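Chemist: Fold the following.
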Amino acid sequence: MKKELKIRDLTLRDGQQSQFATRMNQSQVDRVLPFYRTAHFYAMEVWGGAVPDSIMRYLNENPWFRLESIKDGIGGASKLTALSRGRNLFGYTPYPESVIEGFCRNAVRSGIDIMRIFDALNDVDNMTSSMRYVKENGGKADCAVCYTVDPKFTVGERVASFFKGRKLPDHLFTIKYFVGKAKELAAHGADMITIKDMAGLIDPGTSGQLIRALKDEIDLPIDLHTHCTPGFGTASILMAVVNGVDIVDTVVLSFSGGPAAPAFEIIQLFAVKLGIDTGVDLPAVAAIERELKVARTELSKYDQYKRLPPAFDICRPELPPAIERLFDDAIGAAKSGKVNEVLALCQKIEAWFNYPEPDEIVRVAQIPGGMYTNMMSQLKEAKLEHHLKEVLAIVPEVRLDAGVPPLVTPTSQIVGVQAVNCIMDKTNGKPFYTNVSKNFVELVKGTYGRTPWPVDPAFRERISGVREETPYDTSRYVKQPNPEMPELGGRKLAENEKDELLLELFPNVADKFLKGVRESERAAALTSAPPEPEPEPSRYPDSFWETLSLGMEC
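Modeler: Below you'll find the model as predicted:
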C-alpha cells in the first residue's frame, strides 16, 4: 500500500500574506477557485491571520463574504482552515468568552472546517476556550505549538550574569519542551498538532528529531508549518516527510519561497521519488499556477523580491539531469540523517527554482523577517539606522527580561519595538526602559498570559508597577460602541452578529468599513422600489450581546 502525505495549501492566506501584503482581491481569488475545487488538497488555509483586517482596510471587502464565497467555490473538495490567536483572536488583548464563542461559532458556520489555534506564549490556557467552541460547533481544533529557539548569549554575558546572580535560560526550547506542549494540548482535546514555525528557524536536523519524537509519543496527526526566509524550509520539510510527518504546509509555486512556505511542486517531486501519494490532482495545480502568475503581475506593487520561478509544469516535470540528481541525492542524505548535506542540496534546488537567497540576518539573529523589517522601519523613522547592530545585539536581553516569549506575532513585534526603544534611550543618555511601550508593559505584567521563563519580580514592578504576575481581567472588558446613525435613517452601524464581531475584533478598521456598507445600502434603497413592511419584532435575541443581557445561553 502506497504511503500517504496530506498537503495543506496556504496560498490564499499565508502565501499571499507573506509575499504580497495580503492584497489578493475577491476577483483574483474567484479565478482560482474552480481549479482548487478539483485539486483536492487535504486542506486549504484561506482565512484568519491578516486577511479579515487587510481586505476591509485596503480592499473594502467583507471578510465573512470572502470566507463564504470560498466555501461555495470549493464545495467541500478540501477542508477550509483559518488561523486565530486563541484568547486574543486577532489582537493583543484577551477577549471575554462571549466574543470568543461568537467568533468561533460564526467562523465554523461560514465555512471553516479546521481552526488552527495558537498562542504567542505557548500558554495552553489561552487556547482552551477556542478549542472548546470550535469543537462544539462541529469544527476541528488544530492546536499549534509555536516553534522558537533559545536566545543567544555570549560566554562573556553568561559569566557576567553568573556573578550578578542572574540565571540565564539554557536549553529551554528543546524537543522535550515542544513534545510536552503537544501532549498537553492533546490532553485538552486537540484533533491535530501543528509545529508552527513562523520565522522558518527550524533546521532540518531538529525537524527530523522533533517529528520523530512527536510521532512516537502522540497519537494525533502531526503537521509541520515553516517558511523559507533563512533557507531551511525545503530541507526541513523533506526531513519531516522522511521521519513520518502526516501533513505539511505548502504554497503553489508562484507564491512560494522567501518569506513564504516551500512550493507544493517541489514537495510533490520529492513525494513521487519517495513513493508517497499526496492525493492532489496535478493538472488542477498547473491551472492554479497559471492563474497565480497573472495575479502576481497584478500584485507587483507589493512583490518585494520580483523573482519569478522558471516555467515549470508539474504535470510534465522534466528537470535537467543535474537538478534531477539533486533531488535523488537529497533524499539519500535525508534517509541517512546527513542533515548538512540535505540543507546544501535543497538550497541548490531552491536556487534553481529562483528562490531569494537565504536571509542571513534572520538566520544569524534568529528573528522573524517581519520583526527585522519593522525594527528597520522604526530606526529609519528616528534616523538611527546605523544602530541596527546594537538593536540586534540586545534583542536576547530584552526577550529575557520579558520572560523569553517565542518570537511570533504579536510578541515578536513587542520585543522588537522595545529593543529599538532601549537603543533610543541609550543614544539620548538615558537608561534602558526609560521609554516603554504599552504592549511591553502588559507582556511583562502577565496580561497576555504566562511566559515560558519567569519574569523577575523586581523588573516587573519597575515596568508595570506590580511584583506578581497579573492576568487580564475580562470582567472589565467594554464592548465597542454600535451607534445609531441619524444621517442613515437611524440604522445601527453593526446590524447583525457578524458585523458586531468585526467591530469587536477590528474596531477602527471595521468602523470605517461598516459605515461605507451602510451608506451603500442606504443609497441602493433610495433608488429601488419601496421596501417591504417591517416584520413584527422577534422575541428571540438578534445578537450575542442581547443574549448576554437576557441571561440566555448562546
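Chemist: now the strands: where do they sit in the stretch 401-550 of the chain?
Modeler: Ranges of strands in the stretch 401-550 of the chain, per DSSP state E, counting those that start in this stretch, are 484-485, 491-492.
Chemist: and those strands as a markdown table, adding mean neighbour count?
Modeler: From N, CA and C alone the C-beta is placed, and that goes for glycine too. Converted to a markdown table, the strands of the stretch 401-550 of the chain look like this (neighbours: other CB atoms under 10 Å):
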| stretch | mean neighbour count |
| --- | --- |
| strand 484-485 | 12 |
| strand 491-492 | 16 |
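Chemist: So which bits of stretch 56-66 are buried?
Modeler: Buried positions in stretch 56-66, judged by neighbour count with 16 or more other CB atoms under 10 Å: 56, 57, 61, 62, 63, 64, 66.
Chemist: cool, stretch 486-497 as well?
Modeler: Buried-residue list, stretch 486-497, by 16+ other CB under 10 Å: 488, 491, 493, 494, 495, 497.
Chemist: Beta-bridge partners for the second one, please?
Modeler: Here residue 491 sits in beta bridges with residue 485, as judged by DSSP bridges.
Chemist: Return the distance of the nearest residue to residue 428 once chain neighbours are set aside relative to residue 418.
Modeler: In space, and not counting its chain neighbours, residue 428 is closest to residue 434: 7.9 Å by CB to CB, 6 or more residues apart in numbering. Residue 434 sits at a distance of 11 Å from residue 418 (criterion: CB to CB, to the nearest Å).
Chemist: Ramachandran angles for residue 7?
Modeler: phi -120, psi 130 (degrees, to the nearest 10).
Chemist: okay, the buried residues of stretch 56-66 in TSV with distance to residue 179 next?
Modeler: Compiled in TSV, these are given as follows (distance: CB to CB, whole Å):
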residue	distance to residue 179
56	39
57	39
61	41
62	41
63	35
64	37
66	36
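Chemist: and which of those is nearest residue 383?
Modeler: Nearest to residue 383 out of the buried residues of stretch 56-66 is residue 57 (CB to CB; 28.2 Å).
Chemist: Quick check, that closest one in contact with residue 509.
Modeler: Yes: between residue 57 and residue 509 there is a contact under CB atoms under 8 Å: 4.8 Å.
Chemist: now the nearest residue to residue 170 once chain neighbours are set aside, what's its secondary structure?
Modeler: Take residue 170 and drop its neighbours on the chain: the residue closest to it by CB to CB, 6+ apart is residue 150, 7.3 Å away. Applying DSSP: H, G, I helix; E, B strand; the rest coil to residue 150 yields a three-state assignment of coil.
Chemist: residues near the nearest residue to residue 471 once chain neighbours are set aside, how many?
Modeler: Closest residue in space to residue 471, ignoring its immediate chain neighbours: residue 446 at 5.7 Å, by CB to CB, 6+ apart. Counted with other CB atoms under 10 Å, residues neighbouring residue 446 total 19.
Chemist: What of residue 75?
Modeler: 10.
Chemist: Would you enumerate the residues in contact with it?
Modeler: Counting by CB atoms under 8 Å, 6 or more residues apart in numbering, residue 75 makes contact with residue 37.
Chemist: And it, how far from residue 66?
Modeler: 16 Å.
Chemist: Same question for residue 511.
Modeler: 19 Å.
Chemist: And the longest helix seen in the chain, what's buried?
Modeler: Longest helix of the chain, by residue count under DSSP state H: helix 507-526. Buried residues in helix 507-526, counted by 16+ other CB under 10 Å: 509, 510, 511, 513, 514, 517, 518.
Chemist: Can you list phi and psi of residue 196 for me?
Modeler: phi -100, psi 100.
Chemist: Dig out what it forms beta bridges with.
Modeler: Beta-bridge partners of residue 196, as defined by DSSP bridges: residue 146, residue 225.
Chemist: isn't it right up against residue 146?
Modeler: Yes: when contacts are counted by CB under 8 Å, residue 196 is listed as touching residue 146 (5.3 Å).
Chemist: joint contacts of these two?
Modeler: By CB under 8 Å, 6+ apart, the residues touching both residue 196 and residue 146 are 118, 408.
Chemist: Flag the shaky bits of the chain, pLDDT-wise.
Modeler: For the chain, residues meeting the criterion pLDDT under 70 lie at 1, 529-554.
Chemist: Could I get the full set of helices for the stretch 51-200 of the chain?
Modeler: 51-57, 63-74, 97-109, 128-136, 155-163, 175-187 (DSSP state H, counting those that start in this stretch).
Chemist: Select, out of those helices, the one closest to residue 247.
Modeler: Short answer: helix 175-187, nearest of those by CB to CB, at 14.0 Å.
Chemist: between the closest one and helix 128-136, what angle do the directions make?
Modeler: Angle, helix 175-187 to helix 128-136, by axes from the mean of the first three to the mean of the last three CA atoms, to 10 degrees: 50 degrees.
Chemist: Mind listing what's buried along helix 175-187?
Modeler: Under 16+ other CB under 10 Å, the buried positions of helix 175-187 are 177, 178, 179, 181, 182, 183, 184, 185, 186.
Chemist: Now do the same contact list for the nearest residue to the fifth one once chain neighbours are set aside.
Modeler: Nearest non-adjacent residue to residue 182, counting by CB to CB, 6+ apart: residue 193, 4.7 Å away. With contact set as CB under 8 Å, 6+ apart, residue 193 has these partners: 142-145, 182, 185-186, 214, 218, 220-223.
Chemist: With residue 173 instead?
Modeler: 147, 148, 149, 150, 406, 452.
Chemist: before we move on, back to that, quick one: the strands of the stretch 401-550 of the chain as CSV, columns for distance to residue 233 too.
Modeler: As requested, the strands of the stretch 401-550 of the chain are exported to CSV (distance: least, CB to CB, whole Å):
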stretch, distance to residue 233
strand 484-485, 48
strand 491-492, 47
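Chemist: Compare the ones you listed and give me the one nearest residue 167.
Modeler: Closest among these, using CB to CB: strand 491-492, at 54.7 Å.
Chemist: For residue 286, which non-adjacent residue is closest in space?
Modeler: Residue 286 sits nearest to residue 315 (CB to CB, 6+ apart), 5.2 Å away.
Chemist: Tell me how far the residue nearest the centre of the chain lies from residue 4.
Modeler: Note on the chain: the residue nearest the mean C-alpha position is residue 49, at 5.5 Å, using CA atoms, centre = their mean. Noted for residue 49: a distance of 27 Å to residue 4, by CB to CB.
Chemist: now do residue 160
Modeler: 52 Å.
Chemist: do the same with residue 512
Modeler: The separation that residue 512 has from residue 4, given CB to CB, amounts to 46 Å.
Chemist: cool, residue 371 as well?
Modeler: Taking CB to CB, one finds residue 371 at 36 Å from residue 4.
Chemist: More neighbours: which of the two?
Modeler: The residue with more neighbours, out of residue 371 and residue 4, is residue 371; 25 against 12, by other CB under 10 Å.
Chemist: Contacts only, for the more buried one.
Modeler: By CB under 8 Å, 6+ apart, the neighbours of residue 371 are 199, 407, 412, 413, 415, 416.
Chemist: cutoff 6 Å now
Modeler: The contact partners of residue 371, taken as CB atoms under 6 Å, 6 or more residues apart in numbering, are 412, 416.
Chemist: my hunch is that it is in a helix, does that hold up?
Modeler: Yes: the assignment for residue 371 (three-state DSSP) places it in a helix.
Chemist: So what's the residue count around residue 318?
Modeler: 8.
Chemist: in stretch 337-345, what counts as buried?
Modeler: Going by 16+ other CB under 10 Å, stretch 337-345 has these buried residues: 338, 339, 341, 342, 343, 345.
Chemist: All good on my end, thank you.
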